[in-house]
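Participant: Provided below are the primary sequence and the corresponding predicted coordinates.
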Amino acid sequence: MGTVHVIDHPLVQHKLTMMRRKDASTNSFRRLANEISALMTYEVLRDIPMQDIEIETPMEITTGKVIDGKKLVFVSILRAGTGILDGMLTIVPGARVGHIGLYRDPKTLGAVEYYFKMPSDLHERDVVIVDPLLATGNSAVAAVERLKECSPKTIKFVCLVTCPEGIAVLQNAHPDVPIYTASVDRQLDEHGYILPGIGDAGDRIFGTK
């Protein structure tokens, strides 16, 4: 099975606790999501490929290591993924961005695609899928399946909160995709929401509920 990386840095855990609070304002929730995703990016990209380039310091000519942001693609699962995309882009502003629109059918809880737009030459790029929650896992599985049609070099999945059920669904379908999260919560409820969770991330990020 694929690896689950729980990013338990004290700053990430502190901010996640603040996000969980029912009385957190839309502004506060959105800001915290941004900050947590930026902090998580350091660990998510720990193994990103680098290359040497020649530079001139004020003292002499030397070589230094750089990443190629143009080879990296952040793929946001709409609409909630937008809430953590911006935080990651503050760390890697040169990354390309793709979008995949999925909504959860309220009766079947299955994922329905309505939008798909990616950078060109995805087969030359490393992809990081971002979505605040990995709950039932259906949207994540659908997103990975769709992206694999474009044959990217690698795929990672990043979420703020997940649960055993969502992890199992994604790992069973795509054991080659590592999962990065700030928390593995207890379980899903009968409506497919994570407990204790953070509520509906999209609604809380955009203030639509």
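Facilitator: Right, received. Where do you want to start?

Participant: which stretches of the chain have low pLDDT?
Facilitator: For the chain, residues meeting the criterion pLDDT under 70 lie at 1-2, 109.

Participant: and the longest helix seen in it, what does it pack onto?
Facilitator: Using DSSP state H to define each element, the chain has its longest helix at helix 26-44. For helix 26-44, the packing partners by 3 or more CB pairs under 8 Å, 6 or more residues apart in numbering; DSSP states H and E come out as helix 10-20, helix 82-91, strand 154-158, strand 179-181, helix 201-206. To be clear about C-beta, it is placed using only N, CA and C from the backbone, and glycine gets the same treatment.

Participant: Restrict the last one to CA atoms and write it as CSV.
Facilitator: These are the backbone C-alpha positions of helix 201-206, laid out as CSV (Å, rounded to 0.1, in the frame of the first residue of the first chain):
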residue,chain,number,x,y,z
ALA,A,201,-14.3,22.8,4.1
GLY,A,202,-15.7,24.5,0.9
ASP,A,203,-18.5,26.2,2.8
ARG,A,204,-16.2,27.3,5.6
ILE,A,205,-13.5,28.6,3.2
PHE,A,206,-15.9,30.6,1.0
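
Participant: got the buried residues for it?
Facilitator: 201-202, 204-206 (16 or more other CB atoms under 10 Å).

Participant: what residues are up against the residue nearest the centre of the chain?
Facilitator: Geometric centre of the chain, nearest residue: residue 130, 2.3 Å, by CA atoms, centre = their mean. Residue 130 makes contact with 37, 74-77, 81, 84-85, 88, 158-159 under the criterion CB atoms under 8 Å, 6 or more residues apart in numbering.

Participant: do that again at 7 Å, thanks
Facilitator: 74-76, 81, 84-85, 88, 158 (CB atoms under 7 Å, 6 or more residues apart in numbering).

Participant: Next: residue 154.
Facilitator: Residue 154 makes contacts with 126-127, as judged by CB under 7 Å, 6+ apart.

Participant: Phi, psi for residue 170 please.
Facilitator: Recorded main-chain torsions at residue 170 are phi -70, psi -40, according to degrees, to the nearest 10.

Participant: That one touches residue 137, doesn't it?
Facilitator: Yes. Between residue 170 and residue 137 there is a contact under CB atoms under 7 Å: 4.7 Å.

Participant: hmm, back to that, show me the two of the contacts of residue 130 that sit farthest apart.
Facilitator: Using CB to CB, the contacts of residue 130 reach their maximum pairwise distance at 75 and 84, which is 11.8 Å.
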